[in-house]
Every structure is written in C-alpha cells, then in structure tokens.
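Visitor: mind folding the following:
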Amino acid sequence: MPDHSKIALLVLAAGGSSRMGVSKQLLPWGKTTLLAHCVATITKLEHSHQFVVLGAEIRKIEKSIAHLPVTILNNESWEQGLGNSISFGINKIKSAPANYQGVLILLADQPLIDHAYLRSMISLFSDNNSIVASAYVDGKIGVPALFGRHYFDELSELSGDGGARSVLQAYREVIRLHSEPEKLIDLDTAEEYEALYTTIHQS
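Guide: Numbering: from 1, shown residues only. This is a model prediction of the structure:
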C-alpha cells in the first residue's frame, strides 16, 4: 500500500495573470482570496505537505497566505511559463528530505476544487508509477493531477506554457482518471471570474 503521507501538494500560482488584467491570486473569493481559498483547501488534507510556487508580485501575494501552513517557493523565472514553474517546484520537492512518493499538482484558479475532490484523487494513487489525472468534459485530461515519483525527473525538465501536458499525453494509457468535471472550471478572464463568483456567492 502506498504511504499517502508521503504525497506533496504543489499549487502553481506564479503567473502574471495577463488575461485577467489584475493578480487573480488576490481576487476576492467569499471572505478570502482565490489563492488563500485554494491553500486553505489543501491544508484540510491529512498527512500532506503543501508547497506554493509564487513569482509575479510575490511580496504582495505571499502576504495573503502568510498565516497558512504552507512552504512558499519563489520562482524568479516564472515568466518562462507554467512548465517552468512545475519544473522549479518538482526540483525543490525532489531535493527535500521527506522522500516523497508522489506530487499532486493543482492550480490556484480552480476554486470549485475541494478537499473531497483531492482526497478522492489520492485514494486512486497506488504506487510510485501511478498517475491520477482529472477528466474534463471535452475529453481532455489535466490538472489537478497526481504523479508518482517515477515521473519526477521528466516533470523537473518541463518548460514553456504547456504545463504537464506532454507527460500526461506520453503516459495516457496508464493514467487513472477522476471525473467530476463540474468542479474543473478555471478562471482566466475577468468575465469568467465575475460569472462564477456571482453564481457561487450571490445566488
């Protein structure tokens, strides 16, 4: 049986939010912010270790989660894309003394992802060769995604804006899928944010 206490959680929140026009990490979400909401969600998972990759406007953004029990990683090369932030985070996790068996990668701009969703993904994780990914309504697979240690080296070499897509495509035949597509809404534009916020908080 895998030791689920040896799974790290890696939140990617280093981007400059160019499509949003403002730092999406600091957008209000209920009584908190998008990023703080995400971090509070992952801290509800027992026996996990939480890391948050920041980059753009780090000094301002890190203050919003300073009260939460997470390790903040400063990616000074964040402008090189999502893949670069994954690589940066994975290299930090690889060098940690905890000898993690897996890493669960998620984005700060998917606020409907709750701890039950993440716990279900972790329950599907079987060994260091496992990949558990999210199934989207259009047939695509993506994050949140949980990678066993076997894939750390490949993840640590990613670059550009493709995220972990290339690794997921290369090993699609071994991936176990978790399907709750209604929770997979991500917020890239002000219109998307306002529509979802109104639906959730003002309905």
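Visitor: C-alpha only now, for contacts and for neighbours.
Guide: Fine.
Visitor: now do the contacts for Glu154.
Guide: Val167 (Cα atoms under 8 Å, 6 or more residues apart in numbering).
Visitor: what about it, which helix or strand?
Guide: In this assignment (DSSP states H and E), Glu154 forms part of helix 152-155.
Visitor: for that helix, which positions count as buried?
Guide: Applying a neighbour-count criterion of 16 or more other Cα atoms under 10 Å, the buried positions in helix 152-155 are 152, 155.
Visitor: from the chain's centre, how far out does the helix or strand following that helix sit?
Guide: Using DSSP H and E, the next helix or strand after helix 152-155 towards the C-terminus is helix 165-170. Centroid separation for helix 165-170 versus its chain: 16 Å, with Cα atoms, centre = their mean, to the nearest Å.
Visitor: now for helix 165-170, which elements pack on it?
Guide: strand 141-148 (3 or more Cα pairs under 8 Å, 6 or more residues apart in numbering; DSSP states H and E).
Visitor: which residues are contacting the strand it packs on?
Guide: Under Cα under 8 Å, 6+ apart, the answer for strand 141-148 is 101-107, 118, 121-122, 125, 127-136, 164-165, 168, 177.
Visitor: Thr41: neighbour count?
Guide: By the measure other Cα atoms under 10 Å, the count of residues near Thr41 is 16.
Visitor: test my guess that it contacts Pro111.
Guide: No - look at Thr41 against Pro111 with Cα atoms under 8 Å: they stay out of range, at 9.2 Å.
Visitor: pLDDT weak spots in this structure?
Guide: Low-confidence segments of the chain (pLDDT under 70): 1-2, 47, 203.
Visitor: all strands of it, in order?
Guide: Here the chain has its strands, by DSSP state E, at 7-12, 28-29, 32-33, 48-54, 71-74, 102-107, 131-135, 141-148, 176-178.
Visitor: can you put these in TSV and add mean neighbour count and distance to Ser85?
Guide: TSV is the format used below for those (neighbours: other Cα atoms under 10 Å; distance: least, Cα to Cα, whole Å):
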stretch	mean neighbour count	distance to Ser85
strand 7-12	25	7
strand 28-29	16	24
strand 32-33	17	21
strand 48-54	22	7
strand 71-74	18	9
strand 102-107	24	11
strand 131-135	25	19
strand 141-148	23	14
strand 176-178	19	24
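Visitor: who wins for proximity to His201 among these?
Guide: Shortest distance between His201 and the strands of the chain, using Cα to Cα, is found for strand 28-29: 8.2 Å.
Visitor: can you tell me what sits against the closest one?
Guide: 34, 37, 197.
Visitor: how about CSV for the strands of the chain, with distance to Gly89 added?
Guide: Below are these laid out as CSV (distance: least, Cα to Cα, whole Å):
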stretch, distance to Gly89
strand 7-12, 7
strand 28-29, 25
strand 32-33, 22
strand 48-54, 7
strand 71-74, 7
strand 102-107, 10
strand 131-135, 18
strand 141-148, 13
strand 176-178, 23
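Visitor: Gly81 is nearest to which of these?
Guide: Relative to Gly81, the nearest member of those by Cα to Cα is strand 7-12, separated by 10.7 Å.
Visitor: could you tell me the angle between that closest one and strand 141-148?
Guide: 140 degrees (axes from the mean of the first three to the mean of the last three Cα atoms, to 10 degrees).
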